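> mind folding the following:
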Amino acid sequence: MRSAGRSAAAGGANPVRRGVSSLLALSLLAPAASAAPAASVAKTPVRILIESPGPDTLVRNKVHQAPIRGNAMADGERPAEFDVILAIDVSGSTKEASGVDVDGDGEVGFNPQLELVEPGAFPSDMRSTDPEDTILAAEVAAADALLASLDAGRVRVGIVTFSGEMDPRTGKRARYDQQDAWVEVPLTDDFAHARAALQAIRARGPYGGTNFAAGVRIAISELAGLSGAKSRPRSDARKVVLFLTDGVPSFPFGLGNRMDPGDVEASLNAARLAQKAGITINSYALGPNALASPVAATELARITRGTFMPVQNPGDIISFLQGVSFASVDDVVFTNLTTSEVSYDVSLSPDGSFSGFVPVREGLNRVRVTALTSGGTSSSVELELNFEKSGLTGRELAMELERIRERNKQLMLLIESERIQRFREQQRKMLELEVIEPDGE
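As a prediction, the model looks like this:
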């Protein structure tokens, strides 16, 4: 699946409406061994590179669809490498039911304390009848799906967790000098190791309060390479924090089950440090508190020029996390200028990598690739594609048609941004004008 646009957010931040890309589906193909040169327009706000097909390559497929992959990057002079920290809330409240069947066992866990159930049917402290469908499970599944989609050649990922141990008698921090955030995985391109660590986090389970400031500060330390950091950040990489939480900060001050003004201020001070270090924070608030008390989560994003996404159904984070754009690219469209067909069958990765299919005819096809940035600007490159159809059995054809139908269904569910719809309509109109012009000459 793919991204679907932006809208205004509470607190001045811009929430991103983006969704699954086939991870999300959104599994990225590895870069081609040799990239085809693409003539991009000088001084445009988007740099588009076509990785395949290469020049003078004969493309063969069993249907009249040709694969194209490459990458798009807003602000073409900036680097295309990313150091990303996933900051995951593991506080006690993440044991609540997420509202989706995270583990795919056919059972959707629910919170029996909020439902009409027979007294004594469930333990009084149970918050999800399926422990694999909790908010924490959804956070882990979202992070795992994100890792499955990224290009390890361009992106390194680290994982930190945050919560806050509480004294069971007072509800306050167990110790004044306690550590409320931990480095689970330093920045790495070994995504298999990172994905294994995610499952260990899920197995360990939720506990404690919620210390936003500790989570942000440890992410800053890893991305900036401060004293004591376990990561070795790259000076030329963009630095991003994906901050997942189901609530509001409740530590380091006061009681661990409620937010105090000091907790919010500590969070904002941490965000100001991130901004000075050139770090962007994209925050995701999950559950009923997503918009009830969003000031801390929205300000983390606003101060660092990131994005804020309220996810009122926590299980939706599995889709939305994949939609974040590190490269500030919201959409990519393929247009076959030879056959006058537009294709949205394009998977867009958070790092700007894209792959998809364009309808083609046998022989030479002239194809335009157009990218839309989060700022509303767009840029295009063109390539020539020589296509030859190979054999296809009836069964293979049925499977391919089913794939396309399912893909289109997913895409239609995600096309909710008016701006992207206007962008796509503009592409159609431009194509119509280009078709009409030769007749009028």
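
> make it CA atoms for all contacts and neighbour counts henceforth
Fine.

> centroid-nearest residue for this protein?
residue 322 (2.7 Å; Cα atoms, centre = their mean).

> can you pull the contacts of residue 134?
94-99, 102, 109, 128 (Cα atoms under 8 Å, 6 or more residues apart in numbering).

> ok, 7 Å please
94-98, 128 (Cα atoms under 7 Å, 6 or more residues apart in numbering).

> again, but for residue 256
166, 171-172, 209, 250.

> what number of residues lie near residue 192?
Using other Cα atoms under 10 Å, residue 192 is surrounded by 13 other residues.

> what's the answer for the one 5 residues further on, then?
Using other Cα under 10 Å, residue 197 has 17 other residues around it.

> please read off the pLDDT at it from the model.
At residue 197, the pLDDT value in this model is 97.

> mind listing the helices in the stretch 301-441 of the chain by residue range?
Per DSSP state H, counting those that start in this stretch, the stretch 301-441 of the chain has helices spanning 317-320, 394-414, 418-440. These are given in chain order.

> same question for the longest one, mean pLDDT?
For helix 418-440, mean pLDDT rounds to 68.

> same check on the shortest one?
Over the span of helix 317-320, the pLDDT mean works out to 84.

> then the second one?
Taken as a whole, helix 394-414 has a mean pLDDT of 66.

> next one, pLDDT for residue 340 please.
According to the prediction, residue 340 has pLDDT 93.

> nearest residue to it other than its sequence neighbours?
In this structure, residue 340 finds its nearest non-sequential neighbour in residue 431, 6.8 Å apart by Cα to Cα, 6 or more residues apart in numbering.

> number of residues surrounding that neighbour?
Close neighbours of residue 431, defined as other Cα under 10 Å, add up to 17.

> check residue 277 too.
With neighbours defined by other Cα under 10 Å, the count for residue 277 comes to 15.

> and the residue nearest to it when sequence neighbours are not counted, how far from residue 279?
The shortest distance from residue 277 to any non-neighbouring residue, by Cα to Cα, 6+ apart, is to residue 224 (6.9 Å). Distance of residue 224 to residue 279, computed by Cα to Cα, to the nearest Å: 9 Å.

> neighbour-wise, which of the two wins?
Taking neighbours as other Cα under 10 Å, residue 224 and residue 279 compare with residue 279 leading, 24 against 20.

> can you give me the distance of the residue nearest to the more buried one when sequence neighbours are not counted to residue 161?
Leaving out its chain neighbours, the residue that sits closest to residue 279 by Cα to Cα, 6+ apart is residue 239, at 5.0 Å. Going from residue 239 to residue 161 by Cα to Cα gives 18 Å.

> go on, residue 288?
According to Cα to Cα, residue 288 stands 21 Å off from residue 161.

> quick one: the strands in the stretch 201-350 of the chain?
238-245, 279-286, 308-311, 329-336, 341-343, 346-348 (DSSP state E, counting those that start in this stretch).

> ok, the fifth one: who's next to it in the sheet?
Strand 341-343 has these partner strands in its sheet, going by DSSP bridges: strand 329-336 (antiparallel).
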